[in-house]
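Participant: Let's see this in three dimensions:
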Amino acid sequence: MSGQKSFKRLFSPVAMRGKTLRNRIVFGAHTANMAVEGVPTERHIAYYAERAIGGAGMVVVEPMPVHPAAVLTRGNFRPADDGVIPSFRKVAEAIKENGAVAIQQLYHVGQHADADNSFHAGWSPSGLPSYHDSDGSHRMTECDIGVTIDGFVQAARRCREAGFDGVEVWAAYHSLLDQFWTPWSNRRDDRWGGSLENRTRMSREVMARIRRECGDDFIIGLAISDEPEVAVALQREALAEIIDLHDRDTLMDYVTCGSGSYFDFYKIMPTFMFPEKLGADLASVIKSTVRHALVTAESHVRTPENAESVLSESLADLVSLVRAQIADPHLASKAADGRPQDIRGCLSCNQMCWGRRSRDYWISCVINPSAGREWEWGGDRFTRTVRPKRVFVVGGGPAGLEAARVAAERGHRVTLAEASDRLGGQFRLAGLQPRRAQILDLIAWYERQLQQLQVELRYGAYVEADDLEREAFDHVIVATGSLPPDGAFQRALPQFETIPGGAPMFSAEAVMAREVRPGKRIILLDDGGNWKGCGTAWRLAEDGHAVTLVTPDPLVGKELQRMAVDAPLRRTLTRLGVRFLIESAIVHWDGKTADVASLLDGAETQIAADSLVFANTNLAENTLSNELYKRSISHVCVGDCTASRQAAFAIHDGRKVALAL
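Facilitator: Numbers count the residues shown, from 1 in each chain. As a prediction, this is how the structure comes out:
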């Protein structure tokens, strides 16, 4: 059955200002952070073009700061400079030439600025503190407000001259315009504060002037979000009243409805810990309010099925699938062709998208390493080789799976050998942690793809150097992964190879694989601060164990901060009764009692327990590669057998090697 029948509403076209969107799928605005010296590069152009090639109906390019005070990241675009127009024209043309409507978002973060990048004070209605860092902000004068309004208008003019079909004015996440709307942050007593008409004066002036400057055929969107759990944020009824005021004067053609804000950053890019279709609730309220504007539901709309349900329930007119199209830029075309099972589903992990952006790098994707590399790797499409080779891949973890898949996509004859009876390696164990089953879905996707590509799968196959020498493959790719160490090494106590005391202890991998049965009371040593330890603690606590989590870090889930998931995780663990001992190390374990020392003052605490579980860095399983090296058998290593790392780098290795065959 074709996708047009399965996703009837999703693939119905819609018109705005004389432009026709070929479907209801939006690739919404997000900070790709790829600009160099403030202008888009080939990396940018190819990134957005790939999603247009993949079938998105509308592409909203990442936000343009409208004033120097609004610069937020190293990769932001240069504000207030007509010199950027030629570079932006290349971006707009790349999107439009591939069939999508091209929009640019315009933003100002107001009091939540970042002086490290802007070297400029944040501007805000009332001079309140930033929620981005500990800085304060400058209370805008009447002149400042006029300058900022003109900044929005001139940015829109540049977009028009660069060939964009429209702009999206950003008033989400408690940004500058939202700060003017919100009584808590707008404490002014002049014509820009107080009444609803005054508080919305700036946004209405911005949009009305953009219309006059850019013409009647120019699309104007408005982005908003809600934060129902934050008392000072605008609630949905108040937002609906504000949007109604704008809609009466037909100031915008569509409204994008997201979730979260700087007050609670975790719902802006919700991970798998949050419900799906998170933006649909606000969208439904706004859709029942507006008479003219279309409504876009954004935030954790992960799949075409999610999107179709939002549309079929009349919760929105458009759907924005952002991370889903980072993970698979051809999501729209696959769904349209009736192949939703071939879509590589986003893990909602935030590891390489927001995780890299939070560190001020350009974004990528755990499961699609071509994201951000489209310009050098040819996108998420593969050129067939003119000389097919016999390729042997050893290991069915993420690196081996990706290497085998991409090699087969390119036309090579591929055999994959896996020592166990199933694919996934230790990545499968991560998928057994609570709410992480999307990893298992990804492994199942790989299995389907390999079968379609006629990759020979050998299960229960322990490969040795003699086997490879005998079969004489053209290329050998070793992806044998890594293994947990025999003991619990702690970075805080490097003088010990393992915890003193000599008592048995279990690796997190052994626990998740159900190879061991830990006792009721468990001490879990988390030396990594990531999902291995935290997710295992969650699983054990859900299974009824009393868990004490010990970490050398100043907070539980330190490495998860960059993914905007650490606080929701800590709340969950606390609700399950997990006890935290931070900035601590285990100095002795005798099988019944652990001596835990504070890394701040050395004070020791004794904790009675039945079992000790450790989560730390694995060791490369390079036995086969070392043997092949000794015997001068040509091969290449990918993934954890070179060094234990996260799955993103294993998948990257696999694709990179397969592209080079």
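
Participant: Quick one: residues contacting F649.
Facilitator: F649 is in contact with G639, counting by C-beta atoms under 8 Å, 6 or more residues apart in numbering. The way it works is simple: take the backbone N, C-alpha and C, and place the C-beta from them, glycine included.

Participant: For burial, what's the neighbour tally of the closest residue to F7 other than its chain neighbours?
Facilitator: Leaving aside its sequence neighbours, F7 sits nearest to E308 (C-beta to C-beta, 6 or more residues apart in numbering; 4.8 Å). Other residues near E308 come to 21 when the count uses other C-beta atoms under 10 Å.

Participant: From I286, how far out is E308?
Facilitator: 20 Å (C-beta to C-beta, to the nearest Å).

Participant: now what about the particular helix or strand that has K532 in it, what contacts it?
Facilitator: For K532, the host element (DSSP states H and E) is helix 531-542. For helix 531-542, contacts defined as C-beta under 8 Å, 6+ apart pick out 430, 432-434, 436, 508, 511-512, 518, 522, 524-527, 547, 549, 551, 556-557, 560, 569, 572-573, 576-578, 613, 615.

Participant: Past the worst-scoring helix or strand of the chain on mean pLDDT, which element shows up next along the chain?
Facilitator: Lowest mean confidence among the helices and strands of the chain (mean pLDDT, DSSP states H and E): helix 3-6, at a mean of 74. Taking DSSP H and E as the definition, the helix or strand that follows helix 3-6 towards the C-terminus is strand 14-16.

Participant: Parallel or antiparallel, list what pairs with that following strand.
Facilitator: strand 19-21 (antiparallel) (DSSP bridges).

Participant: What are the contacting residues of the partner strand?
Facilitator: So strand 19-21 is in contact with P13, V14, A15, G57, M58, A100, V101, D165, G166, I219, L318, going by C-beta under 8 Å, 6+ apart.

Participant: Repeat the analysis, applying 6 Å as the threshold.
Facilitator: With contacts defined as C-beta atoms under 6 Å, 6 or more residues apart in numbering, strand 19-21 is touched by P13, V14, G57, M58, V101, D165.

Participant: any idea which of these has the most stuff around it?
Facilitator: Counting by other C-beta under 10 Å, top hit in those: M58 with 30 neighbours.

Participant: Phi, psi for that residue please.
Facilitator: phi -140, psi 140 (degrees, to the nearest 10).

Participant: helix/strand/coil for L560?
Facilitator: With DSSP: H, G, I helix; E, B strand; the rest coil as the basis, L560 sits in helix.

Participant: Do you know the pLDDT at S2?
Facilitator: Looking at S2, its pLDDT stands at 65.

Participant: Now do the strands in the stretch 51-200 of the chain.
Facilitator: 58-65, 101-107, 122-124, 137-139, 166-170 (DSSP state E, counting those that start in this stretch).

Participant: How about the stretch 251-400 of the chain?
Facilitator: Under DSSP E, counting those that start in this stretch, the stretch 251-400 of the chain gives strands at 254-259, 294-298, 318-320, 390-394.

Participant: Touching the shortest one from outside, list them.
Facilitator: Outside strand 318-320, the residues within contact range by C-beta under 6 Å, 6+ apart are R24, V26, G28, L294, T296, A297, E298, V301, A307, V310.

Participant: And for stretch 589-601?
Facilitator: Stretch 589-601 is contacted from outside by 492, 499, 501, 503, 523, 550, 581, 583-588, 604-608, 612, using C-beta under 6 Å, 6+ apart.

Participant: Swap in 10 Å and give it another go.
Facilitator: 488, 492-493, 498-505, 521, 523, 525, 548, 550-554, 581-588, 603-612, 614 (C-beta atoms under 10 Å, 6 or more residues apart in numbering).

Participant: picking that back up, save the strands of the stretch 251-400 of the chain as a markdown table, and put in mean neighbour count and mean pLDDT too.
Facilitator: What follows is the strands of the stretch 251-400 of the chain, written out as a markdown table (neighbours: other C-beta atoms under 10 Å; pLDDT from 0 to 100):
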| stretch | mean neighbour count | mean pLDDT |
| --- | --- | --- |
| strand 254-259 | 28 | 98 |
| strand 294-298 | 27 | 98 |
| strand 318-320 | 29 | 98 |
| strand 390-394 | 25 | 98 |
